[in-house]
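J.: okay, here's the prediction I keep looking at, along with the sequence it came from:
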Amino acid sequence: MSNETKRDVFEELLDAYDDAKSSDGNLHPTQELLDYDDRYDDALPDDLPVIPEDVSEWLTWCKRKHHSLKDALDGETRVSEDTFARAWLLGIWRVEETGEIGGKK
């Protein structure tokens, strides 16, 4: 899994569009341009929840042990419940201290 966000893919597509437009004034669909659709689908959301590393470890442990969100929230999460719940539901988040993506499969 890449750390590429949907915004990254969109901006790269806009650059490719500008390049194609300035080269001969015409756009011709190529496999490379068509691949942007797949990359966009695979890209991470732009607004991943950001949680501290120890909370990331707690969330990961709770999910592995098949605890409920309610049980996980009873632990010391040290972030807002909304942020923790979003990370839980999305199954993916950014670790505050390292910038790494947590919850990847």
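T.: In hand now; what should we look at?
J.: C-alpha from now on. contacts and neighbour counts both.
T.: Fine.
J.: contacts for stretch 42-54, please.
T.: By C-alpha atoms under 8 Å, 6 or more residues apart in numbering, the surrounding residues in contact with stretch 42-54 are 2-7, 9, 79, 83-84, 86-87, 92-98.
J.: I misspoke; the intended subject was stretch 57-72.
T.: Contacts of stretch 57-72 (C-alpha under 8 Å, 6+ apart): Thr77, Ala85, Trp88, Gly103.
J.: now, the residues you listed that are in helices?
T.: Taking DSSP state H, the ones among these that sit in helices are Ala85, Trp88.
J.: name the member of the contacts of stretch 57-72 with the most neighbours.
T.: Trp88 (22 neighbours; other C-alpha atoms under 10 Å).
J.: list the contacts of that one.
T.: By C-alpha under 8 Å, 6+ apart, the residues touching Trp88 are Leu59, Leu69.
J.: so what does Leu69 look like in phi/psi?
T.: Dihedral pair for Leu69: phi -60, psi -40, per degrees, to the nearest 10.
J.: phi first, then psi, for the residue nearest the centre of the chain.
T.: Per C-alpha atoms, centre = their mean, the C-alpha nearest to the average position across the chain is that of Leu44, at 2.8 Å. Note on Leu44: its backbone torsions stand at phi -70, psi 150 [degrees, to the nearest 10].
J.: spell out for me the ChimeraX command that would select the buried members of the contacts of stretch 42-54.
T.: Buried subset of the contacts of stretch 42-54, written as a ChimeraX selection, criterion 16 or more other C-alpha atoms under 10 Å:
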select :5,6,9,83,84,87,92,93,94,95,96
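J.: of the contacts of stretch 42-54, which belong to strands?
T.: Within the contacts of stretch 42-54, residues falling in strands by DSSP state E are Trp93, Arg94, Val95.
J.: so the last one bridges to which residues?
T.: Spelled out, that is Val95. Ile51 (DSSP bridges).
J.: the domain parsing of the chain - what is it?
T.: As assigned by automatic domain parsing, the chain contains the domains 6-42, 50-102.
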